[in-house]
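> Below are the sequence and a predicted model; questions follow.
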Amino acid sequence: MSEPSQKIIIITAPSGSGKTSITRYLMQKFPQLSFSVSATTRLPRPKEQNGVDYYFLTTEAFKSKIDAEEFIEYEMVYQGVYYGTLKTEMNRIWNNLQVPVLDIDVKGAMNVMRLYPGKTLSLFIEPPSLEELENRLKKRGTETSDSLLKRITKASEEMAYKKEFDVVIVNDVLEIACNQAEQSVNCFLDKT
């Protein structure tokens, strides 16, 4: 592949749909891809590392970066919890002649698509059902009953936007979903 010409791959999904697993698969398949590390105000989960999984920021630091227009997109995804993609992160990846892979929420994804028309491939990863999504979230063991309800409600709202994305992949069988994502990315990277 020649210079990536500031292409962007966006992977979005309701929490628990498997977007992180699919993202990891794509990162192994395509050396020209680079994971875009998002910034967040949420606390790190066990084993998460600052600068690897996320840039963990205080709310004050995050808002300061908003005021300084340092994000290409950001959202308050849950009450009081921000996520965003830093311009410096995108430039770091493009300067390495790679294609950033953004694992971001639905609204953030739509903002990036508007900001970079014709330069994005957007994949929406859909769970087979809301019931299956709830089961997956419960198996994680990281959710309280309150946070589980919030995630399921949010997932229902996010699924209403799936038609806005280039490719919708139902993640019923992970291997099949990964193969579908790989085919889509391959076609996108081959375009000049």
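Noted; the coordinates are in hand.

> How far off centre is the least confident helix or strand in the chain by mean pLDDT?
Using mean pLDDT, DSSP states H and E, the weakest-scoring helix or strand in the chain turns out to be helix 130-140, at a mean of 83. Centre-to-centre, helix 130-140 and its host chain are 19 Å apart (Cα atoms, centre = their mean, to the nearest Å).

> Give me the buried stretch members for stretch 64-79, please.
Lys65, Glu70, Phe71, Ile72, Glu73, Tyr74, Glu75, Val77, Tyr78 (16 or more other Cβ atoms under 10 Å). Yep, even glycine has a C-beta here, placed from its N, CA and C like the rest.

> Mind checking which of those land in helices?
Lys65 (DSSP state H).

> pLDDT check: weakest of the buried residues of stretch 64-79?
pLDDT is lowest at Tyr78 among those; the value there is 79.

> Relative to Thr153, how far out is that residue?
For Tyr78, the distance to Thr153 (Cβ to Cβ, to the nearest Å) stands at 11 Å.

> can you check Ser34 too?
For Ser34 relative to Thr153 (Cβ to Cβ), the value is 33 Å.

> These two - which one has more neighbours?
Neighbour count, other Cβ atoms under 10 Å: between Ser34 and Thr153, Ser34 has more, with 20 against 11.
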